[in-house]
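Chemist: build me a model from this:
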Amino acid sequence: MNFKFLKFLTALLAVFLLAFGSSPIASTARDMLKALKETPQPIAMVVAPPKLPSRPSQAKPAAEMDFDPGSTFRDCEGCPEMVVIPAGSFRMGDLNGDGSSEEKPVRKVTILNKFAIGKFEVTINEFSTFVKATGYRTSGECHYYTGSEWKKSSSKNWRNPGFGQTNRDPVVCMNWEDAKAYVRWLSGKTGKGYRLLSEAEWEYAARSGTSTKYHFGNDISVSQANFNRNVKKTTPVGNYPSNGFGLHDMHGNVWEWTEDCYQDSYRGTPTDGKANEGPDFCLGRVLRGGSWITNPRNLRSAFRLKRIIVFRDYAYGFRVARTL
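Modeler: Prediction:
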C-alpha cells in the first residue's frame, strides 16, 4: 500500500474524529488509529536460554522435493528454511476459557491443502539479504520500552533495536508493510508463492494437533520459550524445542504479523484457512505468538493482537508461508 496514501488516510481519520467524535462509526475510526501497548510484567532475574545441540540443516533444495508433510526445503541459498504442513481440520479460538470475545466463537476450520511455513521466524541475516538486493529502507520510528514507559524513536530500527542480536536472531522493528515487501521480493526471486500466513494457518500450525493453551501444554516455563523478559532480548531462532510440526518459537521471541484484517470476533470470517481480507484499505492487522517481552497469557495459541499496519515495535517480526 502507498505510504503517502496511508499518511493522508491517517490524517483524514484524525480530522473525522475531531469533527464527528460522537458519531456511530467514531469508535471504528478511533480503533484504526489506536495502537495498544503491551504491559510487560517485571521479573526478578534474567534466565539464560537453553542451549540446544547444533545440527546441520536437513533442508533439501526444492527441486528435489516431493513436499511430503514434515519435510523441509529451501528454494534458494539464503531463503528461509521451510517445513511442509499437512492439510487438516482443527478447532480455532479460545478452547480453554482464558480468552476474550476476540477469540470467539470457537469454530471448526479446515485447511484444504498442504502448504509450507518458515521453520523459524525471518532472521536478521535473511532480511539483510533482501535489503542488500533491493535497497529497501524501513523509514519511520520503532517503539521500545525504557523500563518505565513506552517511547518511539527513529534511532531504533531493525539494525539497532536497542539490544544486542546475532544474525540468527529474528529481525525486529518490522511493520506489516515491511513483512509484505519481503515476501513480494522472495516470490519474485524464486518464482514461488511466498506470502504471510493467515490467522487460521498460524493457529493451526502453532497448535500442531493440540488443544492446550500452548503446544506443549497448559503451563509454560523458561526452558520452553523466550517470554516475559526472561532473557531481556530476542534469542537466536531455534534455541527452544520445536512443536509437533517441527516449527520453532511459535510462542515468544517475536510477535509475527499475519495477513488478516482485524475483526473483533470470528463471526463471519473464513473457515477454509484463508485470510480475512476485510475492506480494500484495512489499517488494522493481526499479530500472533507473543514475544520476548510478553506475559504468559498473551503467548497462548489462541491470543490475537491488533496493530495498525505502519506500527513498528522492537518485539515485532514475522514468519513466511509458501503455497504448494
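
Chemist: next, the contact list for the spatially most central residue of the chain, please.
Modeler: The residue lying closest to the centre of the chain (Cα atoms, centre = their mean) is residue 256, at 0.8 Å. Residue 256 sits next to 121, 197, 202, 287, 288, 289, 317, 318, 319 when contact means Cβ atoms under 8 Å, 6 or more residues apart in numbering. For every residue, glycine as well, the C-beta is placed using N, CA and C.

Chemist: doesn't it belong to a strand?
Modeler: Yes: residue assignment for residue 256, taken from DSSP: H, G, I helix; E, B strand; the rest coil, places it within a strand.

Chemist: which parts of stretch 141-149 are buried?
Modeler: By 16 or more other Cβ atoms under 10 Å, the buried positions in stretch 141-149 come out as 141, 142, 143, 144, 145.

Chemist: pull it out as PDB, backbone CA atoms only.
Modeler: These are the backbone C-alpha positions of stretch 141-149, laid out as PDB (Å, rounded to 0.1, in the frame of the first residue of the first chain):
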ATOM      1  CA  GLU A 141      10.000   5.100  14.200                       C
ATOM      2  CA  CYS A 142      10.200   2.000  16.300                       C
ATOM      3  CA  HIS A 143       8.500   1.600  19.700                       C
ATOM      4  CA  TYR A 144      10.500   0.400  22.700                       C
ATOM      5  CA  TYR A 145      10.200   0.200  26.500                       C
ATOM      6  CA  THR A 146      12.600   2.200  28.600                       C
ATOM      7  CA  GLY A 147      11.800   0.300  31.800                       C
ATOM      8  CA  SER A 148       9.200   2.800  33.000                       C
ATOM      9  CA  GLU A 149       7.400   3.900  29.800                       C
END
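
Chemist: pLDDT of it, averaged?
Modeler: Mean pLDDT, stretch 141-149: 96.

Chemist: could you do stretch 255-268 as well?
Modeler: Summarised as a single mean, pLDDT over stretch 255-268 is 97.

Chemist: before we move on, what about stretch 59-69?
Modeler: Averaging pLDDT along stretch 59-69 gives 78.

Chemist: what's the offset of stretch 163-181 from the middle of its chain?
Modeler: 11 Å (Cα atoms, centre = their mean, to the nearest Å).

Chemist: stretch 92-100 now?
Modeler: The answer for stretch 92-100 is 19 Å, by Cα atoms, centre = their mean.

Chemist: buried ones in it, by neighbour count?
Modeler: In terms of neighbour count (16+ other Cβ under 10 Å), stretch 92-100 has its buried residues at 92, 93, 94, 95, 99.

Chemist: could I get those in CSV, plus columns for secondary structure, pLDDT and distance to residue 243?
Modeler: Output for the buried residues of stretch 92-100, formatted as CSV (DSSP: H, G, I helix; E, B strand; the rest coil; pLDDT from 0 to 100; distance: Cβ to Cβ, whole Å):
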residue, secondary structure, pLDDT, distance to residue 243
92, strand, 98, 16
93, coil, 98, 19
94, coil, 97, 19
95, coil, 97, 16
99, coil, 94, 20
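
Chemist: please dump those into CSV; it should also carry distance to residue 177 for every row.
Modeler: Listed next are those as CSV, based on distance: Cβ to Cβ, whole Å:
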residue, distance to residue 177
92, 26
93, 28
94, 30
95, 32
99, 28
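
Chemist: ok, so of the residues you listed, who is nearest residue 160?
Modeler: Distance to residue 160, by Cβ to Cβ, is smallest for residue 99 among the buried residues of stretch 92-100, at 35.4 Å.

Chemist: mind listing what that closest one touches?
Modeler: 93, 300, 302, 303.

Chemist: where exactly do the helices run in this protein?
Modeler: In the chain, the segments counted as helices under DSSP state H are 3-20, 26-33, 124-134, 176-190, 199-207.

Chemist: quick one: average confidence on the shortest one?
Modeler: Model confidence over helix 26-33, given as mean pLDDT, is 58.

Chemist: measure the closest residue to residue 152 other than its chain neighbours to residue 267 for me?
Modeler: Leaving aside its sequence neighbours, residue 152 sits nearest to residue 141 (Cβ to Cβ, 6 or more residues apart in numbering; 4.2 Å). Using Cβ to Cβ, to the nearest Å, one gets 35 Å for the distance from residue 141 to residue 267.

Chemist: please apply the same query to residue 179.
Modeler: From residue 179 to residue 267 the distance is 27 Å (Cβ to Cβ).

Chemist: so these two - more neighbours on which side?
Modeler: More crowded of residue 179 and residue 267, by other Cβ atoms under 10 Å: residue 179, with 26 against 10.

Chemist: so the more buried one makes contact with residue 196?
Modeler: Yes: contact criterion Cβ atoms under 8 Å: residue 179 and residue 196 qualify, at 6.0 Å.
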